[in-house]
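*Asks:* sequence plus the predicted model coming up.
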Amino acid sequence: MPPGRSPGNVLVPKHYLFASVIAVLLVGHTLVVAQSASGDAARGQGSYLNGLGWYNLNTAKANSINVDATIRWKQDLRQIQLDRWDLVANQNAKKAAGKKLKIEEVKHQQLVRLRQLRIEPTAADVETGDALNVLLYDLTDPAISLESWSNTSQQVKLPDGMSVKDLVFRFTSLKGSSATSAALSKGVIALSRLAVAGDKWPTPLQVPEIQKERAAYEAAYAKVRDQILAGQFDLKAVQAMDRSLDALNEKVKTAVPSERGFRTEAAKFVSDLEDSTRMFDAATVDYAREILNDTKDHDATTVAELVAFMLKYRLQFASAERDPGAREIYTPLFEKLKEQHKAFGIQVPDVVVLSDAEMTAETLKAMQGTWICVSSEEGGTKFNAAAVKEQDRQVVIEGNNFALTRTYAGNRGTFVGKFEVNAKLGLFDFVGKGPGGKHQETTGIFEVNGDTLKLCYRHNVSGKAQRPEEFKSDGTQPDTSVFFEFKRAR
């Protein structure tokens, strides 16, 4: 009995199997399937996907796929992608500005970036997989109906000659995931890279001096693959494959010329090859068995089939920068994903790109009016509620005219002047006069969010005051800093 197949399975035509797996994975449509031992790798991550190999579907018996669970599976994967985009957006913002941007600006930059990836990505955006992953995110929307995926007039064919084995994937690990997920997340999944042979080896590795080591790896991998497919996993075979890679790596150090980067590129490929073999670790070998079974004699021919495959195995596109075969495929594949995107009528949201001046005008508009202080901190000391009430600090902003009135030592006084802001970076400077007409300058940061206004600034007594970088005060002399939080007056 073939591995991963329970007694009583009913074999049905491949086209029907593929239509069924698409129905389950893409739409969450109820389908009866056979259980698979090799599906154990998915336990804790959504056991309802167990057994959904392209050849393992059973339309008559066994357990049904839960629609809600399938939808949650897709929602989880989409949320992980959103979290990754948020992280990248924050990192890029900090690099660009040297400080943390306002959250509104970070989000705006992210929207602009995602729109570019969908419509006009650069060659690098496609090569790194970023542009493909944005379209994949859209195509895994649970709102896309079964009818849409089943409509043959809307099905887009993949590029001629493309195989899922030629693509480079990364595994998407869920929060609190198992040892299986942790192991898979360390490397990439590149099936054709594992099966490299003959003239498919990169040019730097085709020197005759390492022909023996190349052949040793080819034979070792073929043995591991064949044993796993036959359900006869042997640790000794995996160890032999590891030794062949060690030998290849050592031979590269002496047999491949160092000139013009040949040795460096050869070593990188061997390192990538080692990463790809991680799926044969103890925690992930069942996952490896199932994915090898699924791709042994059949391949995706449509975008729908590719997306179903990637959903089942929780995959996203990895960078093809160091994989010439995948790099050649990514551009036409992006166009096919885009074509499917268009066939479903998925709208790319417009993003209004404001100039710095327009953004500043919008921000100043949001700051207009009277604000009452609810929290006060000066020189590193936070005032209690009674002191805040006694000081009765109020700010009035009209245009870029700024007035702050407060009670100090029993006397009421007002600071008035011009309030110049940089909305993009959340910075402001004040130049004006204090109580008694004394010249005043401050340099600070601000944040406005609905009915809350935060101001943190340093009095520029020395003429060299450093702008605060976070919302807290300190006792640096002579340029003491303050931090106030205001609520809009009603």
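*Replies:* Noted; the coordinates are in hand. Given the structure is predicted, the values throughout are model-derived calculations rather than measurements.
*Asks:* how long is stretch 134-153 end to end?
*Replies:* Terminal residues of stretch 134-153 lie 23 Å apart, using CA to CA, to the nearest Å.
*Asks:* would you mark the buried spots in it?
*Replies:* Buried positions in stretch 134-153, judged by neighbour count with 16 or more other CB atoms under 10 Å: Val134, Leu135, Leu136, Tyr137, Asp138, Leu139, Thr140, Pro142, Ile144, Ser148, Trp149, Ser150. From N, CA and C alone the C-beta is placed, and that goes for glycine too.
*Asks:* so which of those residues belong to helices?
*Replies:* With helices taken from DSSP state H, the overlap with the buried residues of stretch 134-153 comprises Val134, Leu135, Leu136, Tyr137, Asp138, Leu139, Ser148, Trp149, Ser150.
*Asks:* Phe169: which of those is nearest?
*Replies:* Leu136 (10.8 Å; CB to CB).
*Asks:* let me see the contact set for that closest one.
*Replies:* By CB atoms under 8 Å, 6 or more residues apart in numbering, the residues touching Leu136 are Val307, Met310, Gln316, Phe317, Leu337.
*Asks:* got those residues as JSON lines, with pLDDT columns?
*Replies:* Supplementary listing: the contacts of Leu136 in JSON lines, determined by pLDDT from 0 to 100:
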{"residue": "Val307", "pLDDT": "86"}
{"residue": "Met310", "pLDDT": "86"}
{"residue": "Gln316", "pLDDT": "88"}
{"residue": "Phe317", "pLDDT": "92"}
{"residue": "Leu337", "pLDDT": "95"}
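*Asks:* buried among those? Make that a ChimeraX selection.
*Replies:* Command for ChimeraX that selects the buried part of the contacts of Leu136, burial taken from 16+ other CB under 10 Å:
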select :307,310,316,317,337
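*Asks:* what's the most distant pair in the contacts of Leu136?
*Replies:* Using CB to CB, the contacts of Leu136 span at most 12.6 Å, a distance reached by Gln316 and Leu337.
*Asks:* which secondary element of this protein has the worst mean pLDDT?
*Replies:* Every helix and strand of the chain was ranked by mean pLDDT, DSSP states H and E. The lowest is strand 32-33, at a mean of 27.
*Asks:* break this protein down into its structural domains.
*Replies:* 103-133+158-343, 356-488 (automatic domain parsing).
*Asks:* which of these sits most buried?
*Replies:* Using mean count of other CB atoms under 10 Å, the stretch among the domains of the chain with the greatest mean number of neighbours is domain 103-133+158-343 (a mean of 18).
*Asks:* how far is that one from where the chain is centred?
*Replies:* Here domain 103-133+158-343 is found 18 Å from its chain centre; the criterion is CA atoms, centre = their mean, to the nearest Å.
*Asks:* local confidence estimate at Thr203?
*Replies:* Looking at Thr203, its pLDDT stands at 90.
*Asks:* now do the contacts for it.
*Replies:* With CB under 8 Å, 6+ apart as the criterion, no residue contacts Thr203.
*Asks:* what's the distance between it and Ala247?
*Replies:* In this view, Thr203 and Ala247 are 20 Å apart by CB to CB, to the nearest Å.
*Asks:* got it, and Leu194?
*Replies:* From Leu194 over to Ala247 (counting by CB to CB), the distance is 17 Å.
*Asks:* do the same with Thr443
*Replies:* From Thr443 to Ala247 the distance is 63 Å (CB to CB).
*Asks:* just checking, what packs against the helix or strand encompassing Ala247?
*Replies:* For Ala247, the element it lies in under DSSP states H and E is helix 235-255. Here helix 235-255 touches helix 211-229, helix 262-276, going by 3 or more CB pairs under 8 Å, 6 or more residues apart in numbering; DSSP states H and E.
*Asks:* what does the longest one rub up against?
*Replies:* The list of residues contacting helix 211-229 from outside it, by CB under 8 Å, 6+ apart, reads 3, 194-197, 201, 205, 233-234, 237-238, 240-241, 243-245, 247-248, 251, 273, 277, 280, 285, 288-289, 292-293, 296.
*Asks:* try 6 Å this time
*Replies:* Applying CB atoms under 6 Å, 6 or more residues apart in numbering, the set of residues contacting helix 211-229 from outside is 194, 197, 233-234, 237-238, 240-241, 244, 247-248, 251, 289, 292.
*Asks:* just give the nearest non-adjacent residue to Arg193, would you?
*Replies:* What sits nearest to Arg193 in space, not counting adjacent residues and going by CB to CB, 6 or more residues apart in numbering, is Ser276, at 5.2 Å.
*Asks:* residues in contact with Lys165?
*Replies:* For Lys165, the contacting residues are Leu191, Ser192, Thr295, by CB under 6 Å, 6+ apart.
*Asks:* which of these sits closest to Asn411?
*Replies:* Taking CB to CB as the measure, Asn411 lies nearest Leu191 of the contacts of Lys165, at 78.0 Å.
*Asks:* so where's the chain uncertain?
*Replies:* Screening the chain residue by residue with the criterion pLDDT under 70, one finds the ranges 1-107, 173-187, 351-353.
*Asks:* quick one: the strands in it?
*Replies:* When assigned using DSSP state E, the strands of the chain occupy the ranges 32-33, 63-64, 169-171, 188-189, 315-317, 369-378, 381-382, 394-398, 401-408, 411-422, 427-433, 439-449, 452-459, 481-488.
*Asks:* by contact count, what packs against the last one?
*Replies:* Strand 481-488 is packed against strand 369-378, strand 452-459, with contacts defined by 3 or more CB pairs under 6 Å, 6 or more residues apart in numbering; DSSP states H and E.
*Asks:* got TSV for those strands, with distance to Gln154 too?
*Replies:* Below are the helices and strands packed on strand 481-488 laid out as TSV (distance: least, CB to CB, whole Å):
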stretch	distance to Gln154
strand 369-378	52
strand 452-459	47
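*Asks:* show me which pair in the contacts of helix 211-229 is furthest apart.
*Replies:* Taking CB to CB, the two most distant members of these are Lys251 and Arg289; they sit 30.4 Å apart.
*Asks:* do you know how far Glu328 is from Val303?
*Replies:* Relative to Val303, Glu328 is positioned 18 Å away (criterion: CB to CB).
*Asks:* Cys456 now?
*Replies:* When distances are taken as CB to CB, Cys456 and Val303 turn out to be 50 Å apart.
*Asks:* swap in Ser244?
*Replies:* 37 Å.
*Asks:* ok, Arg289 to Ser192 distance?
*Replies:* Using CB to CB, which is the criterion applied here, Arg289 is 18 Å from Ser192.
*Asks:* can you check Glu362 too?
*Replies:* The span separating Glu362 from Ser192 equals 50 Å under the rule CB to CB.
*Asks:* and Glu209, by the same measure?
*Replies:* Taking CB to CB as the measure, Glu209 falls 25 Å from Ser192.
*Asks:* residues contacting Ile189?
*Replies:* Under the criterion of CB under 6 Å, 6+ apart, the neighbours of Ile189 are Phe169.
*Asks:* adjust the sequence numbering to begin at 24 for everything that follows.
*Replies:* Got it, the first residue is 24 from now on, which makes the last one we talked about Ile212.
*Asks:* from Ala349, how far out is it?
*Replies:* With distances taken as CB to CB, Ile212 is found 11 Å from Ala349.
*Asks:* check Phe425 too.
*Replies:* Taking CB to CB as the measure, Phe425 falls 56 Å from Ala349.
*Asks:* equivalent analysis for Thr404, please.
*Replies:* 59 Å.
*Asks:* using CSV, list the CA coordinates for stretch 139-147.
*Replies:* What follows is stretch 139-147, C-alpha atoms only, in CSV (Å, rounded to 0.1, in the frame of the first residue of the first chain):
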residue,chain,number,x,y,z
GLN,A,139,3.7,49.8,-6.1
LEU,A,140,4.3,46.1,-5.6
ARG,A,141,0.9,45.2,-7.1
ILE,A,142,1.1,47.6,-10.1
GLU,A,143,4.6,48.6,-11.0
PRO,A,144,7.2,46.5,-9.1
THR,A,145,10.8,46.9,-9.8
ALA,A,146,12.8,43.9,-11.1
ALA,A,147,14.3,43.5,-7.6
